[in-house]
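Student: got a structure for you, letters missing:
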């Protein structure tokens, strides 16, 4: 289905175990509320850990994206003299006010 992009019905999805139930539009909200109540009865740590496992692949992608971004920034600073250019630009601004981020002692 992923590669062919074929359409499928709710009945197909149920047979293929892609969904756990099918509801008519007017039955959907009560069914969703019943599921929410079932989940609310479960131990919180069980739900948290299950969600963590299910979302782990997203965290891995985010970590890799941030690592690549940091590597790119560092390479830019090193290869193109970005930090020196920035520092020289600040010196040439003289008495112009420049916003700075607070230091940890100010937080």
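Tutor: That came in fine, so what should we check first? For clarity, every value in this text was computed on a predicted model and none was experimentally measured.

Student: distance check, residue 48 against residue 20.
Tutor: Noted for residue 48: a distance of 21 Å to residue 20, by CB to CB, to the nearest Å. Placement of C-beta: from N, CA and C, glycine included.

Student: oh sorry, the question was meant for residue 37
Tutor: Distance from residue 37 to residue 20, by CB to CB: 15 Å.

Student: what does residue 60 give?
Tutor: According to CB to CB, residue 60 stands 27 Å off from residue 20.

Student: now stretch 70-81: mean pLDDT?
Tutor: Stretch 70-81 shows a mean pLDDT of 76.

Student: now swap in stretch 49-62 and tell me
Tutor: 86.

Student: just how off-centre is it within its chain?
Tutor: Mean C-alpha position of stretch 49-62 versus that of the full chain (CA atoms, centre = their mean, to the nearest Å) differs by 9 Å.

Student: in it, what counts as buried?
Tutor: Within stretch 49-62, no residue counts as buried by 16 or more other CB atoms under 10 Å.

Student: give me the contacts around it.
Tutor: For stretch 49-62, contacts defined as CB atoms under 8 Å, 6 or more residues apart in numbering pick out no residues.

Student: go on, stretch 11-18?
Tutor: By CB under 8 Å, 6+ apart, the list of residues contacting stretch 11-18 reads 8, 19, 21, 22.

Student: so which of the residues you listed belong to helices?
Tutor: Judged by DSSP state H, helices contain none of the contacts of stretch 11-18.

Student: just give me the closest of these to residue 1.
Tutor: The closest of the contacts of stretch 11-18 to residue 1 turns out to be residue 8 (CB to CB; 6.4 Å).

Student: okay, now the closest residue to the closest one other than its chain neighbours: neighbour count?
Tutor: Closest residue to residue 8 apart from its sequence neighbours, by CB to CB, 6 or more residues apart in numbering: residue 1 at 6.4 Å. Neighbourhood size, residue 1 [other CB atoms under 10 Å]: 11.

Student: now do residue 69
Tutor: 10.
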